[in-house]
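Q: need a 3D model of the sequence below.
(chains A and B)
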Amino acid sequence: MVSTKRRAVITGCGAVTSLGVSAQALWDGMVAGRSGIRQITGFDVSVYPSRIGSEVLDFEAKQFIDKKERKSLKVMSRSIQFAVAGAKLAMDDSGVDKDKLDKTRFGVEFGAGLIASELAELGPAAHVSSNCQPGTVDMEKWGVQGLANMPPLWMLKYLPNMLACHVSILHDAQGPNNSITESDVASLLALGEAYRIIGRNMADFFLVGGADSKLNPLSFVRHTLFMPLSRRNDAPAAACRPFDRNRDGVVLGEGAGVVVLEDLEHARARGAQIYAELVGFSAAFDAKGNGSGVTRVIQGAMREAGITAEQVDHVNAHGLSSARSDVIEARGIQKAFGSHKVPVFAPKSYIGCLGAGSGITEMIASLLGMRHGTVPPTLNHDETDPECPVMVSSGSARPLEREYVVKVSFTDIGQCAAVVLRDGKTLAANS
Amino acid sequence: MRKRVVITGMGVVTPLGNDVESLFTANLEGRSGVGPITLFNASRFPTQFAAQVRDFDLGKYVQDGERWANCGANSRFAAGAAHQALSDAGLIDDSKVDRTRVGIYLGSGEGVQDFHHLISLVAKSYTPEQGSVDGVIFGKGGMQHFNPAREYEQEPHTTTAHLAAYFGLEGPNFNCLTACAASSQAIGEATELIRYGDADIMLTGGAHSMIHPFGLTGFNKLTALSTRNESPTKASRPFELNRDGFVLGEGAGMLVLEELEHAKKRGATIYAEITGYGSTADAFRMTDSHPEGRGAITCLAQALESGSFKPEDIGYINAHGTSTQVNDRVETLAIKKVFGEAAYQVPISSTKSMLGHLIAAAGAVELIVTITALRRGVLPPTINYDEPDPECDLDYIPNTAREKRVRHAVSNSFGFGGQNVSLVVSRFDG
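A: Got it, this is the predicted structure:
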């Protein structure tokens, strides 16, 4: 079965992160050892215990949308804008001639998060419906004057499927279209699903990505309440320290990562440059919260890829930098690789947690690593936590030595996914 | 050989009953589940009615009250329907089944902001003159008044995680949210996960409630809802001339999908087989479906083709049939385009005429109704069908149920934003 399966390759990358608005900028930042984590400037954070984030600066969505489509911008929340920009960058990077694509075989899959309402947009309606008591609203006022003060298309800015929807409209992608809403594991699940769809011959070409933004007042106050956030406000660049003994919590971020995933023959026929082949995918739930889910998805994806632990160059880790999560992950990775001491690279050390956008954005670092033959070091890894039994690649960049990379994502409550990538260079040589 | 995927368990929580039997009985009787909104004070909204779930007691289905205490309606309805489906399939305590091969794929709705706390806090922080919100007042108020556990439960991956943890589902865990197509898409993709070998069993379906102030506000602003406040039970009138929008519903529908040989080996009751799946995008506009039904046509055609069906093979279509002007016209157009002459022979009904629109959960509940119709040989009607619309000139099973033995049936779901899904289910005769 495996031998006759259609193969899928990655032929384009687009990223919007705190390190810049392109995959190249992400790469350049990492190679230079630059952190994208800073004081948050987009809104007033003075009251919060954690005031740092991985914020996208100098971003202008309209640069990524044709003039005639720009009226759509008013119904695009920030997450949607990131998704649209990431998709455009990935398309451009893939070098595909859009007019030659069969639109009915062109799919879109995105990982999307809960999109927070922009407060100023709710302001006028809230103002006229107030009964001046905290925790209650005058519903009779809201039903009349409140509604009269709400923008007609308000809801459309916040539906999670609108990332994939706008991308499909802007690129006339009429094939399968899905939006996965599983938090930090969402975009990797989207990638796995697109891989299966290409495999079963229901699409030739996919834009797959994830985009999210937690850096707005509503998301930020919510996460302050339920997520352990780093309080290293005096040293933002040193705040995200995956697997390091002195890590003190998560750093929230924003942005998007999008790739072009394409049937191998389709890519070859148009002479596309191939970053990597996607050769394995697995998803699971860790019911015990002990890393067994991480172990299973790594082993499952490697089994599908038909490789052994020794063939893996590095694990591109979830590496959240929270006290609990890193221990679970490290144990899960160690168990999956057994005696093979696989290097672990944690991209969040540069860009924090992009929520539903994190999996693919982080994976793009390894895709560029394959192209350049080198893997950036994990930042801020000074002293390994003895509770985290993994070999973190840190200090300086290391040369890429083996053909395969494993990317892992998981959520705080148990959803896990992994993919295996095979270096595109060796693919060209072997095929 | 392609693996076959069958249904071995079903469960529902709906405005017309909290088990499959009650729901189907109500459907055959043509009862409406629509009434005045009682979940909050909607008395001054343009629309003041919806199809609410009634008499739902989560404690009847699951223990561990603490786990569900801060969950939203999505997770609570999902848990009730999941318990039914898994018990029905004999999977609650089956220790012989490898739980790492049992996954979950839902189209469960998004988390809902705590309306009153949020809006009252925005009001306090807002300066109309500047049109801006004071970050200090908002931040302090939010940290003080928002409930951390409830805020957390709004995250969109919590429903599948609770169900997986509680029922021991350690296989692939997905949630998709493609508006009104979500649970149908979940069922289609869950089927494919089993076919590929990623799992032997998948709990799949959807759960949703948008009967809350934000949901009603959003849909009213889009003028998508019926405003027939004087006669709520008559408001959902799919394909009928005087339709004026859809009616919000809520609930959950869950199915257990299983690889055929696996189901046979453990002696499971087999209700039906998933035999076709189509999934496309309109790629047209955010607010409107394509006027010629471009995406719906390719989706329907793909579903038939994937199971090697000819239009004449299909004995019933459970329509998306929302009761909006555009959907019902375009869906009719698409059926005619794909089915040709056979379009006039195939009975079609929209159970949304009785249940309202369960949004993300709609497709799953409607598929369960479709499967039950196949098994019983009776097709549910489209109620409130008084005056035919000349542009919708097919057989919509007006007002009364119809006895008909059907072997294969289609269920359509079209999402706001352009995602289209069609599923084909077939009676299972071994």
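Q: all helices for chain B, in order.
A: In chain B, helices defined by DSSP state H lie at B:20-29, B:65-68, B:73-88, B:115-125, B:135-145, B:148-153, B:158-167, B:182-196, B:213-221, B:260-265, B:294-306, B:325-339, B:352-355, B:362-376, listed in chain order.
Q: chain A now?
A: A:23-31, A:78-94, A:119-129, A:139-141, A:147-148, A:162-171, A:186-199, A:217-226, A:264-269, A:292-305, A:323-337, A:348-351, A:358-372, A:424-430.
Q: confidence-wise, which of the ones you listed is weakest overall?
A: Taking the average pLDDT of each of those, the minimum falls on helix A:424-430, with a mean of 70.
Q: which of the helices of chain B sits closest to residue A:359?
A: Proximity to residue A:359, assessed across the helices of chain B by C-beta to C-beta, is greatest for helix B:158-167 (16.5 Å). For glycine as for every other residue, the C-beta is placed from the backbone atoms N, C-alpha and C.
Q: now the closest residue to residue B:213 other than its chain neighbours: how far from residue A:154?
A: By the measure of C-beta to C-beta, 6 or more residues apart in numbering or on different chains, the closest residue to residue B:213 outside its immediate chain neighbours is residue B:115, 4.5 Å from it. Taking C-beta to C-beta, to the nearest Å as the measure, residue B:115 and residue A:154 are separated by 14 Å.
Q: same check on residue B:99?
A: 43 Å.
Q: do you know the pLDDT at the residue of the stretch 151-300 of chain A found nearest chain B?
A: Using C-beta to the nearest C-beta, the point where the stretch 151-300 of chain A gets nearest to chain B is residue A:155, with a distance of 3.0 Å. At residue A:155 the predicted local distance difference test score is 95.
Q: residue B:387 is in contact with residue B:237, correct?
A: No - contact status for residue B:237 versus residue B:387: not in contact, 9.1 Å apart, counting by C-beta atoms under 8 Å.
Q: who has more neighbours, the two?
A: Comparing residue B:237 with residue B:387 by other C-beta atoms under 10 Å in any protein chain shown, the one with more neighbours is residue B:237, at 27 against 10.
Q: circling back: can you put the helices of chain A in CSV and add distance to residue A:239?
A: CSV is the format used below for those (distance: least, C-beta to C-beta, whole Å):
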stretch, distance to residue A:239
helix A:23-31, 16
helix A:78-94, 22
helix A:119-129, 26
helix A:139-141, 43
helix A:147-148, 42
helix A:162-171, 28
helix A:186-199, 23
helix A:217-226, 15
helix A:264-269, 39
helix A:292-305, 24
helix A:323-337, 14
helix A:348-351, 9
helix A:358-372, 16
helix A:424-430, 34
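Q: take the ones you listed and write them to CSV, including distance to residue B:65 and mean neighbour count.
A: Supplementary listing: the helices of chain A in CSV, determined by distance: least, C-beta to C-beta, whole Å; neighbours: other C-beta atoms under 10 Å in any protein chain shown:
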stretch, distance to residue B:65, mean neighbour count
helix A:23-31, 46, 21
helix A:78-94, 35, 27
helix A:119-129, 33, 21
helix A:139-141, 29, 18
helix A:147-148, 36, 16
helix A:162-171, 36, 27
helix A:186-199, 29, 28
helix A:217-226, 20, 22
helix A:264-269, 52, 17
helix A:292-305, 26, 24
helix A:323-337, 25, 22
helix A:348-351, 36, 29
helix A:358-372, 33, 27
helix A:424-430, 52, 14
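Q: out of those helices, which comes closest to residue B:350?
A: In terms of C-beta to C-beta, the element of the helices of chain A nearest to residue B:350 is helix A:162-171, at 23.9 Å.
Q: and chain B, is the closest one touching that?
A: Yes - in this structure, helix A:162-171 sits against chain B according to C-beta under 8 Å from any C-beta of the partner chain; the contacting residues are A:162, A:164, A:165, A:166, A:168, A:169, A:171.
Q: out of those residues, what pair is the most spread apart?
A: Greatest spatial distance among the residues of helix A:162-171 next to chain B (C-beta to C-beta): A:162 and A:171, at 14.7 Å.
Q: how about residue A:7: what's its closest non-neighbour residue?
A: On the basis of C-beta to C-beta, 6+ apart, the spatially nearest residue to residue A:7 that is not a chain neighbour turns out to be residue A:264, at 3.9 Å.
Q: the one you found against residue A:277, yeah?
A: Yes - distance between residue A:264 and residue A:277: 7.0 Å, which falls inside the contact criterion (C-beta under 8 Å).
Q: what do these two both touch?
A: A:7, A:8, A:9 (C-beta atoms under 8 Å, 6 or more residues apart in numbering or on different chains).
Q: just checking, which of those residues belong to strands?
A: A:8, A:9 (DSSP state E).
Q: what's the closest of the shared contacts of residue A:264 and residue A:277 to chain B?
A: The closest of these to chain B turns out to be residue A:8 (C-beta to the nearest C-beta; 13.4 Å).
Q: distance check, residue A:140 against residue B:52.
A: From residue A:140 over to residue B:52 the distance is 20 Å, taken as C-beta to C-beta.
Q: ah, wrong one, I meant residue A:303
A: When C-beta to C-beta is the yardstick, residue A:303 and residue B:52 sit 47 Å from each other.
Q: for chain A, give me its nearest residue in the stretch 201-350 of chain B.
A: Counting by C-beta to the nearest C-beta, the stretch 201-350 of chain B gets nearest to chain A through residue B:218 (3.0 Å).
Q: pretty sure that residue is touching residue A:153, no?
A: No - because the distance of 9.3 Å does not satisfy C-beta under 8 Å, residue B:218 is recorded as not touching residue A:153.
Q: of these two, who's got more company?
A: Just comparing residue B:218 and residue A:153: by other C-beta under 10 Å the higher neighbour count belongs to residue B:218, 21 against 14.
Q: so chain A: which segments form each domain?
A: Residue ranges for each domain of chain A read A:8-115+A:159-430, A:119-154, as given by automatic domain parsing.
Q: hang on, the earlier thing: so the residue of the stretch 151-300 of chain A closest to chain B touches residue B:216, yeah?
A: No - contact criterion C-beta under 8 Å: residue A:155 and residue B:216 do not qualify, at 10.4 Å.
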